[in-house]
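Novice: Model the following, please.
(one chain, ligands or ions: 1)
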Amino acid sequence: MKYLTTKTDLTSLNDKQREAVISESKRLLVLAGAGSGKTKTLLHKINYLIDDKLVNAENILAVTFTKNAANEMLDRMIVSADKTGYYETFIKTKGITFSERNKERQNYLNKFPWLSRLTIKTIHSLCYQIIKTDGVHVFDNKFKIVADKKGNNEFLANTAEESVSDIIEKVTINLSQNKQFLLKLKRYILDYFVDFIHDTKDNQEFRPEGKFFTSLKGDKVRSKSEQFIADWLYRNSIDYVYEPEVKVGKSTFHPDFFIQQANLYLEHISNKSYPSFWKEGKMKIAGNTCIKTFDDATHNSAIFNKVLDRVIKGRISNDLSSATVLHYDEEFSNFRKEITRFFREVNEVRNKIVNSEKPVEQIIEEAAKSEFERVRMFYQLAIPIIEAFNEYCVNKSYLDFDGLLTKSIQLLEDYPAIKERYQDKYKFILVDEFQDVNNLQVNLLNLLTKKETQLFCVGDDWQSIYGFRGSEIGYIVNFKQHFSDSELLTLKLNYRSTDSIVNASTEAIKKNKFQIPKDIKAVKRGGQKIKIFYEEQEGQSNAFIWETIEKHIQEGISPEEILVLYRRSAMASDLKQALKHSGHKIQFKTIHSAKGLEAKVVFILGLHSNKGGFPDPWLQDKIYQVIKPTNYDYLLEEERRLFYVALTRAQDYLYLISQKGAVSDFIRDIPSDFVFQDQSESKEASFKITLCSKCESTLKAHYKFCPECGANIQANSLPINSNVFNQIKTEVQEIPLKHKGYLEYHIYKARLENPRAYEPWSEKENELFDKYKDKFDVKRLCELFGRSEDVITARLKDEYI
Ligand SMILES: Nc1ncnc2c1ncn2[C@@H]1O[C@H](COP(=O)(O)OP(=O)(O)OP(=O)(O)O)[C@@H](O)[C@H]1O
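Specialist: Down below sits the predicted model:
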């Protein structure tokens, strides 16, 4: 590239990055793989516009997708402006709190007024500002934000006390005053969460081997038809006994139902029922009234309702209208988990409908056409809930995150003068992580952009991981179709990771069909190949991870530079618990929340092919297919992109945790050239174990004190081999299988029961103990000091070592 003199220091950029910075293109996409300096390029562009092009900072808008990313951008801008280097040192200081950081950031923004004139914001925060300023035309500018979860979000000061799920539950309770709605909801929860009658096009009618269907009353019955009868009785508040025992002479029968109020037995006849003449005869002799209902009638629920009305209600004298009132709480008290999951799905669908920009009527129509009963039933419940939710929010002046966008779009569309004001203000719009945009966001960007505006986007289609909540990878892949007269520039050098990591991740992502092929090269050469650990039992990798972390820390890597990643939080709970006592504060993150991060050492957990492993294309659920039909391959590609994001967070060391016999397909996609060769699925973890010569406990080699007897290990240990260890751990049956292979069993057990019990005593604790030991009994001392009774007793007797 030709030699260039700029006021802005662009010497730390490569040629392509510099080309992007100085480009005058009105629509430019800088496309690159991970770690290739996209954000760095975008920030240099802002500096360049201000210093070289003398653009007024007020005319620049930089958009990100998370508050963290916006803050990170601001921090990086301050660092480049602050020539003293103080701010850079400050933000790298260990242990500074979130609010200290915010305060210092604000100080610096005051110090450099041009920086505070820049608009560096999340897209939601930009919309928030738009609605606050001009929202009165389309909504209410005194609105409150309603968030998915209570707690932290970027509009905390103006967030409603109730969360989205609170409101969903509230409106559902309200709708449940209608008994039909309440029972329909209960029917859904019982059928599809409790009884798991998933995905069958027609519910199975009869299963002779057992009772699989739950009635609204809560008992288990044998067939869908019997469930229908039981439900009908329940809906009409008619008490019944299912399969009562009837003795006639020496014979015992179990008719299907006994309805005491009508003194009536009911036998339901399906084509799978056993012949009933004999039974009927006997019942008649005994003077019992037994009526029969037939399966054929159940195929039409209206007819069957009539049949039951006639044969049962007619025989009951008391007033049915005085039926007991049903209460939401009572009906669902045993199904909290299930109803919460249902609400989550309703919310998911609610968000997807907004993002799809399809009218609700169309969704209702499509759902009604579904060949799956579960889907039809779901939408019969979900749509009234969503409509009631929307009405509730309007009445309370609440906007959710998508609402911020839809209202801003409506405002700019309906009020051209306001739109022009924003267009004139933001002459330069820079978008980071462009691969994550959804329809609404692109609509908004289009409204903010006029012909003269420079739109500068950076992104990586390989890292598009928010399709599940509406982002559209098509905008980046087909950028040229969506933005006319646009240009594309590709960055090909990865500065973050070693070549094994770059090559492995590039090979893995190449399996995706919907992508822009890129030839990415690593700047860093050499380094360790990727290591894969194959667990034989769940949790067995914990010891391996612990030891690897210890090893890297001893080599001088700080714990903050170690990152543990996982697909879903549950995958890490065991390891978190196991590492709690290691004393090292390493970072744990879901892959989605690790976007944009980098770390020297990365572990990726849960790379197995069992249920809940990785890949896990959960959106395949037919409920979501109504709004946006997607096939398995499409969803699998998003999972693969998520895997790519995880791999590319690692700078130097990458460890993948898999399972023997259930290896994730994604691991198989990594060519063996990039994997540590001493590994095979069959190789077991090795443990460094020592034996305390005082009490003969087995323990980890690096322990200083024996957790059992408190002896000094350095002086009292004998190395033992892992065979002894394995022998011990298999002998102990009461330890859950998943913990075997972690720490030697009794250390683990003791530490779980009383984590602090065996830690050495600090000076302060010694001092307090001496002060209080005569004032309290042993039990209280155990509570106060978090130690076991034997330790406290030993101390009281001055026997503790
Ligand atoms: N020209 C360069 N010379 C040296 N280092 C660079 C250069 N460009 C980027 N880097 C370094 O590479 C790393 C990744 O940069 P950055 O975070 O900007 O990448 P990115 O493309 O936005 O990454 P990702 O998409 O994975 O989040 C950073 O540590 C950055 O300092």
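
Novice: for the stretch 1-150 of the chain, which spans come out with low pLDDT?
Specialist: 1-4 (pLDDT under 70).

Novice: Can you show me the helices along it?
Specialist: Taking DSSP state H, counting those that start in this stretch as the criterion, the stretch 1-150 of the chain contains helices spanning 15-22, 38-51, 67-81, 86-92, 98-111, 113-117, 123-134.

Novice: Burial-wise, tell me which of these comes out on top.
Specialist: Most buried of those, by mean neighbour count (mean count of other C-beta atoms under 10 Å): helix 38-51, with a mean of 22. Quick note: C-beta positions are derived from backbone N, CA and C, even for glycine.

Novice: so what secondary structure elements neighbour it?
Specialist: Helices and strands touching helix 38-51, by 3 or more C-beta pairs under 8 Å, 6 or more residues apart in numbering; DSSP states H and E, are helix 15-22, strand 27-32, strand 60-64, helix 67-81, strand 428-431, strand 454-459.

Novice: Tabulate these (JSON lines), appending distance to the ligand.
Specialist: As requested, the helices and strands packed on helix 38-51 are exported to JSON lines (distance: least, C-beta to the nearest ligand atom, whole Å):
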{"stretch": "helix 15-22", "distance to the ligand": "6"}
{"stretch": "strand 27-32", "distance to the ligand": "6"}
{"stretch": "strand 60-64", "distance to the ligand": "11"}
{"stretch": "helix 67-81", "distance to the ligand": "9"}
{"stretch": "strand 428-431", "distance to the ligand": "13"}
{"stretch": "strand 454-459", "distance to the ligand": "7"}
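
Novice: Throw the ones you listed into CSV and include distance to residue 599, thanks.
Specialist: CSV is the format used below for those (distance: least, C-beta to C-beta, whole Å):
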stretch, distance to residue 599
helix 15-22, 23
strand 27-32, 20
strand 60-64, 20
helix 67-81, 15
strand 428-431, 26
strand 454-459, 22
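
Novice: can you put the helices of the stretch 1-150 of the chain in JSON lines and add distance to residue 451?
Specialist: Compiled in JSON lines, these are given as follows (distance: least, C-beta to C-beta, whole Å):
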{"stretch": "helix 15-22", "distance to residue 451": "21"}
{"stretch": "helix 38-51", "distance to residue 451": "19"}
{"stretch": "helix 67-81", "distance to residue 451": "27"}
{"stretch": "helix 86-92", "distance to residue 451": "38"}
{"stretch": "helix 98-111", "distance to residue 451": "32"}
{"stretch": "helix 113-117", "distance to residue 451": "25"}
{"stretch": "helix 123-134", "distance to residue 451": "21"}
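
Novice: Quick one: closest of those helices to residue 7.
Specialist: helix 38-51 (4.4 Å; C-beta to C-beta).

Novice: Pull the contacting residues for the closest residue in space to residue 516 that isn't next to it in sequence.
Specialist: Excluding the flanking residues, the one nearest residue 516 by C-beta to C-beta, 6 or more residues apart in numbering is residue 461, at 5.4 Å. For residue 461, the contact set (C-beta atoms under 8 Å, 6 or more residues apart in numbering) comprises 31, 435, 473, 476-477, 515-516.

Novice: which of the residues you listed count as buried?
Specialist: Neighbour counting by 16 or more other C-beta atoms under 10 Å classes 31, 435, 473, 476-477, 515 among the contacts of residue 461 as buried.

Novice: got the CA positions of stretch 95-109 in CSV?
Specialist: Output of stretch 95-109 as CSV, limited to C-alpha atoms (Å, rounded to 0.1, in the frame of the first residue of the first chain):
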residue,chain,number,x,y,z
GLY,A,95,-9.5,-6.2,42.1
ILE,A,96,-10.9,-2.8,41.0
THR,A,97,-14.7,-2.9,41.3
PHE,A,98,-17.2,-2.3,38.6
SER,A,99,-18.3,1.0,40.1
GLU,A,100,-14.7,2.2,40.6
ARG,A,101,-14.1,1.6,37.0
ASN,A,102,-17.3,3.4,35.9
LYS,A,103,-16.4,6.4,38.1
GLU,A,104,-12.9,6.6,36.6
ARG,A,105,-14.3,6.2,33.1
GLN,A,106,-16.6,9.1,33.8
ASN,A,107,-13.7,11.2,35.1
TYR,A,108,-11.8,10.7,31.9
LEU,A,109,-14.8,11.4,29.7
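
Novice: Name the residues that touch that stretch?
Specialist: Under C-beta under 8 Å, 6+ apart, the answer for stretch 95-109 is 71, 74-75, 78, 81-82, 87, 90-91, 115-116.

Novice: same thing with stretch 154-164?
Specialist: In contact with stretch 154-164 (C-beta under 8 Å, 6+ apart) are residues 67, 122, 124-125, 128, 144-150, 153, 170, 347, 389, 396, 398, 400.

Novice: What distance do you get for residue 361 to the ligand?
Specialist: 40 Å (C-beta to the nearest ligand atom, to the nearest Å).

Novice: buried residues in stretch 55-65?
Specialist: 55, 57, 59-65.

Novice: and what of stretch 169-188?
Specialist: Within stretch 169-188, the residues that count as buried by 16+ other C-beta under 10 Å are 169, 171-172, 175-176, 181-188.

Novice: For stretch 493-513, list every residue counted as buried.
Specialist: 493-506, 508-509, 512.

Novice: Considering only these, which also neighbour the ligand?
Specialist: Among the buried residues of stretch 493-513, the ones lying near the ligand by C-beta under 6 Å from any ligand atom are 495-496.

Novice: now, which of the contacts of stretch 154-164 lie within strands?
Specialist: The members of these that map onto strands under DSSP state E are 122, 144-145, 398.

Novice: Which one of those residues is nearest to the ligand?
Specialist: residue 122 (16.2 Å; C-beta to the nearest ligand atom).

Novice: what mean pLDDT does stretch 487-496 have?
Specialist: When pLDDT is averaged along stretch 487-496, the result is 95.

Novice: What is the end-to-end distance of it?
Specialist: For stretch 487-496, the first-to-last residue distance is 26 Å (C-alpha to C-alpha, to the nearest Å).

Novice: and the longest helix along the chain, how far from the chain's centre?
Specialist: Longest helix in the chain, counting residues (DSSP state H): helix 373-396. Distance of helix 373-396 from its chain centroid, counting by C-alpha atoms, centre = their mean, to the nearest Å, is 23 Å.

Novice: can I have that helix written out in PDB, keeping just the CAs?
Specialist: Extracted as PDB, the C-alpha positions of helix 373-396 are listed here (Å, rounded to 0.1, in the frame of the first residue of the first chain):
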ATOM      1  CA  GLU A 373     -51.400 -31.400  18.500                       C
ATOM      2  CA  ARG A 374     -48.900 -30.000  21.000                       C
ATOM      3  CA  VAL A 375     -48.100 -27.100  18.800                       C
ATOM      4  CA  ARG A 376     -51.700 -26.200  18.200                       C
ATOM      5  CA  MET A 377     -52.400 -26.400  21.900                       C
ATOM      6  CA  PHE A 378     -49.400 -24.400  22.800                       C
ATOM      7  CA  TYR A 379     -50.400 -21.500  20.600                       C
ATOM      8  CA  GLN A 380     -54.000 -21.600  21.800                       C
ATOM      9  CA  LEU A 381     -52.600 -20.800  25.200                       C
ATOM     10  CA  ALA A 382     -49.600 -18.700  24.300                       C
ATOM     11  CA  ILE A 383     -51.300 -16.200  22.000                       C
ATOM     12  CA  PRO A 384     -53.900 -15.000  24.600                       C
ATOM     13  CA  ILE A 385     -51.000 -14.700  27.200                       C
ATOM     14  CA  ILE A 386     -48.900 -12.700  24.800                       C
ATOM     15  CA  GLU A 387     -51.800 -10.400  23.900                       C
ATOM     16  CA  ALA A 388     -52.600  -9.900  27.600                       C
ATOM     17  CA  PHE A 389     -48.900  -9.200  28.200                       C
ATOM     18  CA  ASN A 390     -48.800  -6.500  25.600                       C
ATOM     19  CA  GLU A 391     -51.900  -4.900  26.900                       C
ATOM     20  CA  TYR A 392     -50.500  -4.900  30.400                       C
ATOM     21  CA  CYS A 393     -47.300  -3.300  29.300                       C
ATOM     22  CA  VAL A 394     -49.100  -0.500  27.400                       C
ATOM     23  CA  ASN A 395     -51.200   0.200  30.400                       C
ATOM     24  CA  LYS A 396     -48.200   0.400  32.700                       C
END
